[in-house]
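S.K.: Need coordinates for the following:
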Amino acid sequence: MSTTNRLATLALAAACAMPATATVMTAWQLNVYRDGSSVDWLLGNSRLLGDSFDNGNPLVGPNFSSTGTPANYVLSGLAPGADTALAVREVGGSLLLDPNLGEVAANAQGSTGQSIRLRLLTNISDANAGLNRSRSFAASLRLDLAALPDPGQSFGLRFSDNFGNNNDVVELSLTGATNGSRHIVLRKQDFQAGAITVLGSVPLVVPAGAGALVLSLNHNTPNTDTISGNWAFADATGA
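M.R.: Sure, this is the predicted structure:
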């Protein structure tokens with residue numbers, strides 16, 4: 001994100017490397033923050049959107065705090081002929097995103113797999129409404145640890161530079177390795193260069209009492225090109 005007025009969009013993503021039956025991604029909460037710092041965000045301040053996935057409609061969320069208008073999502077990557085109502089659902093305060101109903105797509109290096117994404121529509125015409133490089137912003141997604149990715153699968157969130165050169169994607173994911181282990185991976189995909197750069201990877205080690213993994217992507221410092229990834233654990237109450 002190297003242009004001053006360039007904006008980011010946010011997407012939640014579930015993917016699997018093979019067409020075999022795969023685990024459905026289950027998320028409890030999405031928070032989006034704008035302005036402030038990581039200290040503010042940890043305290044729940046400067047929250048632009050808090051979606052608990054509890055209104056029964058996965059394509060419409062609660063109101064943005066800045067505009068009072070409802071948040072809207074678009075489902076991307078649905079396989080031809082697949083049922084949208086089965087691919088993305090809200091059930092009991094959880095978002096369910098099914099990669100089995102995703103279309104086959106290629107990553108930046110040309111490797112293919114099934115992928116489905118739920119994209120939050122941020123305002124791209126008003127710099128005071130969207131996620132602009134000139135401001136600090138962050139997003140966090142709470143994943144249910146009872147639905148872990150299988151080998152070859154990944155669940156997570158991403159920022160896309162969709163309104164600049166449409167090539168750069170930064171994503172933080174929980175991934176399943178072929179040996180059965182799972183890792184939290186921060187990486188950048190550059191579709192123009194055909195490159196994927198892993199910026200950080202740590203094995204998933206779940207502490208006692210944890211029910212959810214919280215993944216966060218942060219643009220902490222305005223007017224910089226730095227996106228960082230963080231993770232934490234939460235219990236069933238969200239604490």
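
S.K.: which residue sits closest to Ala195 in space, ignoring its chain neighbours?
M.R.: Distances taken as Cβ to Cβ, 6 or more residues apart in numbering place Ala108 nearest to Ala195, at 6.1 Å, with adjacent residues excluded. For every residue, glycine as well, the C-beta is placed using N, CA and C.

S.K.: Arg187 is in contact with that neighbour, correct?
M.R.: No: between Ala108 and Arg187 there is no contact under Cβ atoms under 8 Å: 9.6 Å.

S.K.: which residues are contacting stretch 84-92?
M.R.: 53-59, 75, 78, 95-98, 101-102, 116, 118 (Cβ atoms under 8 Å, 6 or more residues apart in numbering).

S.K.: Which of these fall within strands?
M.R.: Leu75, Leu95, Leu96, Leu97, Ile116, Leu118 (DSSP state E).

S.K.: Just put those in CSV and tack on pLDDT, distance to Asn63 and neighbour count.
M.R.: Below are these laid out as CSV (pLDDT from 0 to 100; distance: Cβ to Cβ, whole Å; neighbours: other Cβ atoms under 10 Å):
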residue, pLDDT, distance to Asn63, neighbour count
Leu75, 93, 21, 18
Leu95, 95, 18, 27
Leu96, 95, 23, 20
Leu97, 94, 22, 22
Ile116, 91, 26, 26
Leu118, 92, 18, 24
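
S.K.: Out of those residues, which is nearest to Gly152?
M.R.: Each of these was scored against Gly152 by Cβ to Cβ, and Ile116 proved nearest at 14.8 Å.

S.K.: about what we covered before: what secondary structure does the residue nearest to Ala195 sit in?
M.R.: coil (DSSP: H, G, I helix; E, B strand; the rest coil).

S.K.: Noted, bye for now.
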